[in-house]
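S.K.: Sequence below, structure please.
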Amino acid sequence: MKFIKRFVPLLLAVFVVFAAACSILPFEGKALKNGKVGIEYSDSIATGTKNMYYDLDYDSELPKGLVLYDDGTITGIPEEAGEFTFKAVMIDMDDNEYYADFSISIEKGSLSYTSFALKDGKTGEPYLVDIATATGMPSITYTIKEGTALPAGLNLSVDGELSGIPSEAGEGLTFTVVASAEGCEPVEAVYTINIEQGEQKEEGLGHIVFEDFALPDGLVGEAYEQSVRKAYGVPNITYRFNFSGGNGLPAGMSGNKDIGLVTGTPQDSTNGQIRFRVIASAEGYESVTAYVTLTVYDVYVETAKFETELIDSVPLMSGAGYSSAPSGRGMIQSCPNMSGGKSLGYLNKPVDVVYKITADADTTAKLVLGLGSENGDFTYDNSRFRILVNGAEVNYGTLAVKQTGSSETDFASTALTISPLINLAAGENTITFRILAADDAPGTFGAWGCLFDYIELKEASCALGWRPRVANIG
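M.R.: Have a look, this model is predicted:
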């Protein structure tokens, strides 16, 4: 009896400790909050007990798009709908494991798709429109609804690109497009298109006729779309583009060889006209190459102040540094104290700095130069530095250029006014600053180069402006 009396309290103590331990480690399964495909989801299976981490059982999976983190949170964007169950494990610092079953209900997502008015097409001419405008999911595919058909010659890609060469004219042609995404009910949009009768090109010559031509000008930042389908003489002519020397169309533009179209939104202007080849081919006939030219201009800005880092000639320039020979856009330096925060430097060898400026009418103007130096103080005159306006040299006397600051972080320019007034003609004017070779240039330099910040034209009697080459600093 004494043994039993002593043993029972011991058993009770062990049971109390065990029960206490179990009571602080509850891990019970439950139904988590509902989710919806395409909508951000967040819930947690954590119990609140400290020093625990969580994981999925080895053969369990969450709905696609959701992730379980070791703190017990479940987040993500669900990509599939349905009723899902999974087993999770809670693990303490001694690697003891506790299991529980959970469930999540994920509703189908919602897509929205509305048609818009399609531009008209022409038979024999390339057609390209993006109709991928459905919303609600990141990955949506597009197909033609069964029982409807696109106009002859047009195709629809799964990415929503409607393209091709219409082959039959028609008014009010309709077709239905289905937008689909995983975990969502598909939605439809009905489009209407008019196909006009295009120019009838001669096809019975027995050979391809394809001559050089120029495409209409483009403008930086504005959508561009022009056809290169100018060949005729035989049926079923196809086109391909050929860019020599690694040069292509400006950034943002591309040649669509499938339908013979130059498209895109140019991000950069061209250095004058660019020239590339287009090859016209047809089975059974000799191919013919035509040279195509294209000019893309920057957007016109009305102003009287012209930042040097934005001049059109920068990409073609080369300069000289203390230990390098930078060229093009590499000559633009970041100078916070300069106008616009930048200047054109490395002008330490013979080089032309050229501005193209437009005047609304004939006028005179006071020319102001914003110049700085990183080579100490020096003086310009016509033997070191020439100024030409529309090819005529300006006798300006002397210009004292001072070094202000000791590095790019604090270099600054000084406004230097030229005398006499300069003459500008109605239309485009060219102002050239020609840095000349100098035997007494410092170090290994070939000329006295400045930091060229800007020019300003004051007291003009008409509006002035230019096309700044914004891609220089873009």
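S.K.: show me the contacts for residue 347.
M.R.: Neighbouring residues of residue 347 by C-beta atoms under 8 Å, 6 or more residues apart in numbering: 319, 331, 353, 435, 447, 449, 450, 451, 452. (Glycine included, C-beta is placed from N, CA and C.)
S.K.: Out of these, which comes closest to residue 216?
M.R.: Ranked by distance to residue 216 (C-beta to C-beta), the contacts of residue 347 are led by residue 353 at 31.0 Å.
S.K.: Can you verify that closest one is assigned to a strand?
M.R.: Yes - judged by DSSP: H, G, I helix; E, B strand; the rest coil, residue 353 forms part of a strand.
S.K.: How much space separates residue 368 from residue 30?
M.R.: Computed as C-beta to C-beta, to the nearest Å, the residue 368 to residue 30 distance reads 76 Å.
S.K.: Counting neighbours, go ahead and name the busier of these two.
M.R.: residue 368 (17 against 11; other C-beta atoms under 10 Å).
S.K.: Can you classify the more buried one by secondary structure?
M.R.: Applying three-state DSSP: residue 368 is strand.
S.K.: right, and it touches residue 460 too?
M.R.: No - at 11.9 Å, residue 368 does not count as touching residue 460 under the criterion of C-beta atoms under 8 Å.
S.K.: which intervals of the protein have sub-threshold pLDDT?
M.R.: 1-25, 245-246 (pLDDT under 70).
S.K.: So which residues of it form helices?
M.R.: Here the chain has its helices, by DSSP state H, at 2-23.
S.K.: how many other residues sit next to residue 43?
M.R.: 17.
S.K.: number of nearby residues for the nearest residue to it once chain neighbours are set aside?
M.R.: Using C-beta to C-beta, 6 or more residues apart in numbering and skipping the chain neighbours, the partner closest in space to residue 43 is residue 32 (4.7 Å). The number of residues packed near residue 32 is 18, by other C-beta under 10 Å.
S.K.: Can you pull the phi/psi pair for residue 32?
M.R.: Note on residue 32: its backbone torsions stand at phi -80, psi 170 [degrees, to the nearest 10].
S.K.: so who does it touch?
M.R.: For residue 32, the contact set (C-beta under 8 Å, 6+ apart) comprises 43, 45, 74, 102, 103, 104.
S.K.: ok, now how distant is the fifth one from residue 183?
M.R.: The reference is to residue 103. According to C-beta to C-beta, residue 103 stands 17 Å off from residue 183.
S.K.: Now that residue 135 has come up, it's in contact with residue 112, right?
M.R.: Yes - the criterion here is C-beta under 8 Å, and residue 135 meets it with residue 112 at 5.1 Å.
S.K.: can I get the contacts of residue 32 in JSON lines with distance to residue 348?
M.R.: Below are the contacts of residue 32 laid out as JSON lines (distance: C-beta to C-beta, whole Å):
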{"residue": "43", "distance to residue 348": "65"}
{"residue": "45", "distance to residue 348": "68"}
{"residue": "74", "distance to residue 348": "63"}
{"residue": "102", "distance to residue 348": "71"}
{"residue": "103", "distance to residue 348": "74"}
{"residue": "104", "distance to residue 348": "69"}
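S.K.: Just the ones in strands from these, please.
M.R.: 43, 74, 102, 103, 104 (DSSP state E).
S.K.: out of those, who has the most neighbours?
M.R.: Top of the ones in strands among the contacts of residue 32 by neighbour count (other C-beta under 10 Å): residue 74, with 24 neighbours.
S.K.: Tell me what that one is bridged to.
M.R.: residue 43, residue 68 (DSSP bridges).
S.K.: quick one: residue 314 and residue 352, what's the gap?
M.R.: Distance, residue 314 to residue 352, by C-beta to C-beta: 11 Å.
S.K.: Count the neighbours of the closest residue in space to residue 115 that isn't next to it in sequence for me.
M.R.: Distances taken as C-beta to C-beta, 6+ apart place residue 189 nearest to residue 115, at 3.9 Å, with adjacent residues excluded. Other residues lying near residue 189 total 19 when counted by other C-beta under 10 Å.
S.K.: contacting residues around residue 189?
M.R.: 113, 114, 115, 131, 134, 176, 177, 179.
S.K.: Counting neighbours, which of those residues end up buried?
M.R.: Among these, the ones that count as buried by 16 or more other C-beta atoms under 10 Å are 113, 131, 134, 176, 177, 179.
S.K.: Now do the same contact list for the fifth one.
M.R.: Looking back up the chat, that one is residue 177. Applying C-beta under 8 Å, 6+ apart, we find residue 177 in contact with 113, 115, 131, 142-145, 156, 160, 188-191.
S.K.: Mind checking which of the residues you listed are in strands?
M.R.: Those of the contacts of residue 177 lying in strands (DSSP E): 142, 143, 144, 156, 188, 189, 190, 191.
S.K.: Give the bridge partners for the third one, please.
M.R.: Think residue 144. Going by DSSP bridges, residue 144 is paired in beta bridges with residue 177.
S.K.: Pretty sure it sits against residue 157.
M.R.: No - with contact defined as C-beta under 8 Å, residue 144 does not reach residue 157; the gap is 11.0 Å.
S.K.: Report the separation between the residue nearest in space to the middle of the chain and residue 299.
M.R.: In the chain, the residue lying closest to the centroid (C-alpha atoms, centre = their mean) is residue 252, at 7.2 Å. Distance of residue 252 to residue 299, given as C-beta to C-beta: 14 Å.
S.K.: cool, and residue 148?
M.R.: To residue 299, residue 148 is 42 Å away according to C-beta to C-beta.
S.K.: go on, residue 44?
M.R.: Residue 44 sits 52 Å away from residue 299, going by C-beta to C-beta.
S.K.: just to revisit the earlier point, out of the contacts of residue 347, list just those in strands.
M.R.: Among the contacts of residue 347, DSSP E puts 353, 435, 451, 452 in strands.
S.K.: OK, contacts around the last one?
M.R.: What it means is residue 452. Residues in contact with residue 452 (C-beta under 8 Å, 6+ apart) are 308, 343, 344, 345, 347, 353, 369, 370, 371, 433.
S.K.: can you pull up the bridge partners for it?
M.R.: residue 344, residue 371.
S.K.: Ok, residue 121 next?
M.R.: Beta-bridge partners of residue 121, counted by DSSP bridges, are residue 195.
S.K.: burial measure for it, as a count.
M.R.: Around residue 121 there are 26 residues (other C-beta under 10 Å).
S.K.: Was I right to think it contacts residue 196?
M.R.: Yes - if you go by C-beta under 8 Å, residue 121 and residue 196 touch, sitting 7.1 Å apart.
S.K.: Mutual contacts of those two, please.
M.R.: By C-beta under 8 Å, 6+ apart, no residue touches both residue 121 and residue 196.
S.K.: ok, the closest residue to residue 454 other than its chain neighbours - contacts?
M.R.: Excluding the flanking residues, the one nearest residue 454 by C-beta to C-beta, 6+ apart is residue 370, at 4.2 Å. Counting by C-beta under 8 Å, 6+ apart, residue 370 makes contact with 308, 338, 339, 413, 414, 415, 416, 452, 453, 454, 455, 456.
S.K.: Provide the count of other residues in contact range of the last one.
M.R.: Spelled out, that is residue 456. For residue 456, the count of nearby residues is 18 (other C-beta under 10 Å).
S.K.: number of nearby residues for residue 63?
M.R.: Neighbour count for residue 63, taken as other C-beta under 10 Å: 22.
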